[in-house]
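**Q** could you look at this predicted model? Sequence included:
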There are 2 protein chains.
Amino acid sequence: MGPGPCNPYPEVIEAYARPVLGHLDPDFIALMDEVNDRLRRVFQTANQLTFAVSGTGSAGMEAAFVNFVGPGDTVVVGVNGVFGQRMCDVAARCGAEVVRIDHEWGRPVDPERVLNAHPNPKLIAVVHAETSTGVRSDLDVLGANKGDALLLADCVTSLGGIDVQIDAWGVDIAYSGTQKCLGVPPGLAPLTVSERALGHLRPVPQSWYLDLNMIAKYVTGDGARAYHHTAPISMVYALHAGLGALLDEGLEASHARHADVGLALQRGLADLGLELFAAEGYRLPQLTTVYAPDGVPEAEVRAELLRDYGVEIGGGLGELAGKGWRIGLMGHTARQRNVAALLGALAAIFG
Amino acid sequence: MGPGPCNPYPEVIEAYARPVLGHLDPDFIALMDEVNDRLRRVFQTANQLTFAVSGTGSAGMEAAFVNFVGPGDTVVVGVNGVFGQRMCDVAARCGAEVVRIDHEWGRPVDPERVLNAHPNPKLIAVVHAETSTGVRSDLDVLGANKGDALLLADCVTSLGGIDVQIDAWGVDIAYSGTQKCLGVPPGLAPLTVSERALGHLRPVPQSWYLDLNMIAKYVTGDGARAYHHTAPISMVYALHAGLGALLDEGLEASHARHADVGLALQRGLADLGLELFAAEGYRLPQLTTVYAPDGVPEAEVRAELLRDYGVEIGGGLGELAGKGWRIGLMGHTARQRNVAALLGALAAIFG
């Protein structure tokens, strides 16, 4: 119940035992195609270039910037937590002129401020669900008013847990991670890129490993696939199984389950007298931020939870560092039994 | 029996079922430390900064260049196959002046030519075991005469299969992959960096994801670890188990097993009248390159092997493309039973 990784779905662990095929084996290519189809359904997109980057969520972030942003390009980043800050760092390493629009941590990004930050940016970047603060920032207003800019969204913690509508919201580039609401261990970064964004693809990005020009020839297409790098075969099996579990349950049902358990946890914490950190109306069900009671050493509580109750929760970041916790209810971990176990343990500890 | 991925050791598949801990969980940190210790034994190095990069072998290559090479730096690359070429591409994307010393494919890199290529390069890079040609290039002469240059070696296909002596040979930076002679599915890139090389670490490499300044604070150190990116937990379990299997067998015993099966395969292919591609004296036991018989369509043989015999082998690359095969005997796949199965199938197909 930390801020990710979640516990994986049982089907995912079974999938790791599948025989390791070669990365050009026709049966593996067919399975990868199925993964990409499933990702399109979860991202709610028709984007052809939709696949899993061979790295964790931060590799997805880097792939999202390095292929579209170069020296002198203006990038506007709406920052309201650690991952927005990280976007600024990644964009700056691409040589971009970064226009950083800071927001109070715990509050959502204000689309008007971001849209008015620069008359003609190359790219606008926002974190959909900030893992550092437990806050959702809405993307639809940004997408509807982005103009010539590309809209880039970090969906690491949102995908599978709350609604993510890439096409309807006008998001051009989005990435996620497997270890949050997809219910798979960390190791891959689902990425989707619109046709419009492909028109802005840099011919030779500074990263070879994340070069979408070359990767696209392996992960998509009707004919023979060109080898780029060796795909992480077993991780792709795991993602295939996790997406299968998610889609068997249904996207809406999964969102509803996350919403239910998140609300139950947040009500339960309030009943224990604790104060929630994230702004009301923008709280993520899958990631709850909460202040520790006054005078309670938060790190000791976490250690006690782990040692005596077998429950992991995360420490706070930023303003919440040393003062509170981040509690994940993601993927297979998003169960009422886990809410009950944690609330029971906290009641025992505080009692 | 392709050029990687190999079949994983059974212990590796079992390890995937371990509970997914958080990346800052003390039990996970302890396990990661053990992985790093095991990697030091396999690399035969005392380098403190020895760990697994969160990506496949090519991410290891990119990490090896991007942290040490920047605009204007001279990089000498000894090229005798696909992966030497890739090094040139990666180094050029870092802004380096690349001095490319081409060799005939199928022959080893000539240390004298590489050492004489430039009076004062920042870095000299060579592939220890070329997966595209099945050739070993010796590193000791390069290490002994590198002068002020850093010596970088690609050990993707060599590590675990033939002797790799990072410290004794004077290699400063080396990376590998899990899916070759370590007997683990693809997904991680073991990397080791000498103290000397750390003195040349770029303060802000162009890649955030592969920035060793930040990663080092997570993967090494005695005290609390700083979060950089979420480690691919289950893949680290898998590598831990694969290294355990390798070290239980013993490095020398593993090398001897690879040597035995490689020799048996190469003799068996010669007995079938086939001509080996790689230069004698430099043939890798773990990766055999061989011409198809005259007039035999190599792709059809591969398809027949896969369909009728359940055996995967790889097609040739470069001069060998369309004319021959690359046959892997790596990690758990390096067994006499596999040699017998393939030779039997080839005899049946050619007969």
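**A** That came through fine.
**Q** so chain A: which segments form each domain?
**A** A:10-249, A:251-350 (automatic domain parsing).
**Q** so which of those is nearest B:A91?
**A** Across these, B:A91 has its closest neighbour in domain A:10-249 (9.5 Å, CB to CB). All C-beta atoms are positioned from the backbone trio N, CA, C, and that covers glycine.
**Q** gap between that closest one and the chain center?
**A** With CA atoms, centre = their mean, to the nearest Å as the basis, domain A:10-249 stands 8 Å off its chain's centre.
**Q** how long is it end to end?
**A** 14 Å (CA to CA, to the nearest Å).
**Q** repeat that for stretch A:41-58.
**A** 22 Å.
**Q** picking that back up, just name the most buried of the domains of chain A.
**A** Across the domains of chain A, averaging neighbours per residue (mean count of other CB atoms under 10 Å in any protein chain shown) puts domain A:10-249 on top, at a mean of 22.
**Q** strands along the stretch 251-351 of chain A, start to end?
**A** A:287-291, A:314-315, A:324-328 (DSSP state E, counting those that start in this stretch).
**Q** want to throw those strands into a markdown table with mean pLDDT?
**A** Below are the strands of the stretch 251-351 of chain A laid out as a markdown table (pLDDT from 0 to 100):
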| stretch | mean pLDDT |
| --- | --- |
| strand A:287-291 | 98 |
| strand A:314-315 | 96 |
| strand A:324-328 | 98 |
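**Q** please identify which of the ones you listed is closest to chain B.
**A** Closest to chain B of the strands of the stretch 251-351 of chain A, according to CB to the nearest CB: strand A:314-315, at 7.5 Å.
**Q** give me the contacts around that closest one.
**A** Contact with strand A:314-315 is made by A:2-3, A:298-299, A:302, A:321-322, A:325-328, B:22, as judged by CB atoms under 8 Å, 6 or more residues apart in numbering or on different chains.
**Q** cool, stretch A:209-218 as well?
**A** A:49, A:51, A:53-55, A:59, A:62-63, A:66-67, A:193, A:201, A:203-205, A:208, A:225-229, A:231, B:55, B:58-59, B:61-62.
**Q** separation between A:H240 and B:Y227?
**A** Distance, A:H240 to B:Y227, using CB to CB, to the nearest Å: 28 Å.
**Q** then A:V204?
**A** To B:Y227, A:V204 is 32 Å away according to CB to CB.
**Q** tell me the centre residue of chain A?
**A** A:V156 (0.5 Å; CA atoms, centre = their mean).
**Q** I'd assumed A:G81 was in contact with that residue.
**A** No: in terms of CB atoms under 8 Å, A:V156 does not count as a neighbour of A:G81; the distance is 11.7 Å.
**Q** what residues are shared contacts of the two?
**A** Going by CB under 8 Å, 6+ apart, residues that sit against A:V156 and also against A:G81 are A:T131.
**Q** so for the lengthiest helix in chain A, mean pLDDT?
**A** Taking DSSP state H as the criterion, chain A has its longest helix at helix A:251-271. If you average the pLDDT over helix A:251-271, you get 98.
**Q** and that helix, C-alpha only, in PDB?
**A** C-alpha atoms of helix A:251-271 as PDB (Å, rounded to 0.1, in the frame of the first residue of the first chain):
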ATOM      1  CA  LEU A 251     -12.200  -0.300 -17.300                       C
ATOM      2  CA  GLU A 252     -15.300   1.300 -15.700                       C
ATOM      3  CA  ALA A 253     -15.500  -1.400 -13.100                       C
ATOM      4  CA  SER A 254     -11.900  -1.000 -12.200                       C
ATOM      5  CA  HIS A 255     -12.300   2.800 -11.900                       C
ATOM      6  CA  ALA A 256     -15.400   2.200  -9.700                       C
ATOM      7  CA  ARG A 257     -13.500  -0.200  -7.500                       C
ATOM      8  CA  HIS A 258     -10.600   2.300  -7.100                       C
ATOM      9  CA  ALA A 259     -13.100   5.000  -6.300                       C
ATOM     10  CA  ASP A 260     -14.900   3.000  -3.700                       C
ATOM     11  CA  VAL A 261     -11.800   1.900  -1.800                       C
ATOM     12  CA  GLY A 262     -10.200   5.300  -2.000                       C
ATOM     13  CA  LEU A 263     -13.300   6.900  -0.500                       C
ATOM     14  CA  ALA A 264     -13.600   4.300   2.200                       C
ATOM     15  CA  LEU A 265      -9.900   4.900   3.200                       C
ATOM     16  CA  GLN A 266     -10.300   8.700   3.100                       C
ATOM     17  CA  ARG A 267     -13.400   8.500   5.300                       C
ATOM     18  CA  GLY A 268     -11.800   6.000   7.600                       C
ATOM     19  CA  LEU A 269      -8.700   8.200   8.100                       C
ATOM     20  CA  ALA A 270     -11.000  11.200   8.800                       C
ATOM     21  CA  ASP A 271     -12.800   9.100  11.300                       C
END
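**Q** remind me which residues of chain A are low pLDDT?
**A** Scanning chain A for pLDDT under 70 picks out no residues.
**Q** what helices and strands are in contact with the helix or strand A:T50 falls within?
**A** Taking DSSP states H and E as the definition, one finds A:T50 inside strand A:49-53. For strand A:49-53, the elements it packs on are helix A:26-43, helix A:57-66, strand A:189-193, helix A:212-219, helix A:233-249, judged by 3 or more CB pairs under 8 Å, 6 or more residues apart in numbering or on different chains; DSSP states H and E.
**Q** which other residues reach the helix or strand following the second one?
**A** Past helix A:57-66, further along toward the C-terminus, the next helix or strand under DSSP H and E is strand A:74-79. Taking contacts as CB under 8 Å, 6+ apart, the residues outside strand A:74-79 that touch it are A:65, A:69, A:84-85, A:87-88, A:91, A:96-103, A:109-111, A:113-114, A:117-118, A:120-127, A:137, A:149.
**Q** distance to B:N338 added to the domains of chain A, as TSV?
**A** Putting the domains of chain A into TSV (distance: least, CB to CB, whole Å) gives the following:
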stretch	distance to B:N338
domain A:10-249	14
domain A:251-350	37
